[in-house]
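**Student:** here is my input, please return the structure:
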Amino acid sequence: MENSKRGGVDLKRSFIGVYSTLKSELLNDPSFEWTDASVKWVERMLDYNVPGGKLNRGLSVIDSYSLLKEGKDVSENEIFQGSTLGWCIEWLQAYFLVLDDIMDNSHTRRGQPCWFRVPEVGLVAVNDGILLRNHISRILKNHFREKPYYADLLDLFNEVEYQTACGQMIDLISTSEGAKDLANFSESLHRRIVQYKTAYYSFYLPVACALLMAGEKLDNHKNVKDLLIDMGIYFQVQDDYLDCFGEPEKIGKIGTDIEDFKCSWLVVKALELSNKEQKKIIYEHYGKENPEDVAKIKSLYSELNLQGLFAEYESKSYEKLTKSIESHPSKAVQAVLKSFLSKIYKRQK
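**Tutor:** Model prediction:
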């Protein structure tokens, strides 16, 4: 994503600067008696897990807030507050990913070993995940306690965390050893997993934070939420596609959806389109770790032209989303939604 600039200020540079401030506050939190060892551990854990991604979710808060201001200057204090909320989302993302990687037994994340794979870390990573979640509450309390929308912010983060955990549960129980049944995989199951596991925190949460900062009531923006959920589903279908067909160097991880028996858009479509013989291949080889099994599934995906089907899906989704955005009565909200869509359309990572 290109650096966002509003009023000549490089928001990405200032956003990254805010991370150091928040980290320093957390490492000096008066509620705990810090030792050199604990400071060193938490600082290393934070630097390894929080700022290493593309930062799109976090940057989207201040970017969206700037667009909602419709050309009015954004003060340094507003930039700091928007960036702080953005970092709360990045902290939430880090918390989810640290624990998600343990549950999925993953190997790499963002081009480096998963945190729990670092030799001296192991399952201490579970507690680190809990710490990451608790840091969000500390940050919100430190910087937003006096704001009229403080209670709404806490509700928002709690609600979105709950929805994401429920999405993770649906994902895990549909792919766990005892429940491995491809007959359960459907487009509606895929949509539910994605809506709860990804769309709320990746798409709705940044815009909801910006709306609260702008003095808006979230209950008045249900149509925006619905649109962002649809955008999040489109984003996850892209993710499913890139997991199989993307280049690991570009996407920052080695895709394992086939080995992990994931209810991916690709396998849902393959089951829908395949004949009896092709279905037999899916049932025999999907969810196996052997590279030969994975290769057979990928070969079948190509045979069914899922690349072409994805290109068609992407084009139709973009058209439908653009039409919905342009029907929104507020030009400022339209600008926010268009900004989101432009960042993900035809992405390669």
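
**Student:** report the rounded mean pLDDT for the longest helix along the chain.
**Tutor:** Secondary structure assigned by DSSP state H gives helix 76-104 as the longest helix of the chain. Helix 76-104 carries an average pLDDT of 95.

**Student:** how far does it sit from the chain's center?
**Tutor:** Remark: helix 76-104 is offset 10 Å from the chain centroid, using C-alpha atoms, centre = their mean, to the nearest Å.

**Student:** now do stretch 180-191
**Tutor:** So, by C-alpha atoms, centre = their mean, the centroid of stretch 180-191 is 21 Å from its chain's centroid.

**Student:** Leu26 contacts Ser137, doesn't it?
**Tutor:** No: counting by C-beta atoms under 8 Å, Leu26 sits too far from Ser137 to count as a contact (11.1 Å). All C-beta atoms are positioned from the backbone trio N, CA, C, and that covers glycine.

**Student:** can you tell me the closest non-neighbouring residue to Leu212?
**Tutor:** Nearest residue to Leu212, sequence neighbours excluded (C-beta to C-beta, 6 or more residues apart in numbering): Tyr149, at 4.5 Å.

**Student:** got the phi and psi for the one you found?
**Tutor:** Per-residue torsions, Tyr149: phi -100, psi 10 (degrees, to the nearest 10).

**Student:** report the contact partners of it.
**Tutor:** 212-213, 215 (C-beta atoms under 8 Å, 6 or more residues apart in numbering).

**Student:** likewise for Ile233?
**Tutor:** Counted by C-beta under 8 Å, 6+ apart, Ile233 has contacts 191, 194-195, 199.

**Student:** Glu90: which of those is nearest?
**Tutor:** Ala199 (17.2 Å; C-beta to C-beta).

**Student:** now the closest residue to the closest one other than its chain neighbours: how far from Tyr318?
**Tutor:** Leaving out its chain neighbours, the residue that sits closest to Ala199 by C-beta to C-beta, 6+ apart is Gly232, at 2.5 Å. For Gly232, the distance to Tyr318 equals 14 Å [C-beta to C-beta, to the nearest Å].

**Student:** and the two? Which one has more around it.
**Tutor:** Gly232 (23 against 15; other C-beta atoms under 10 Å).
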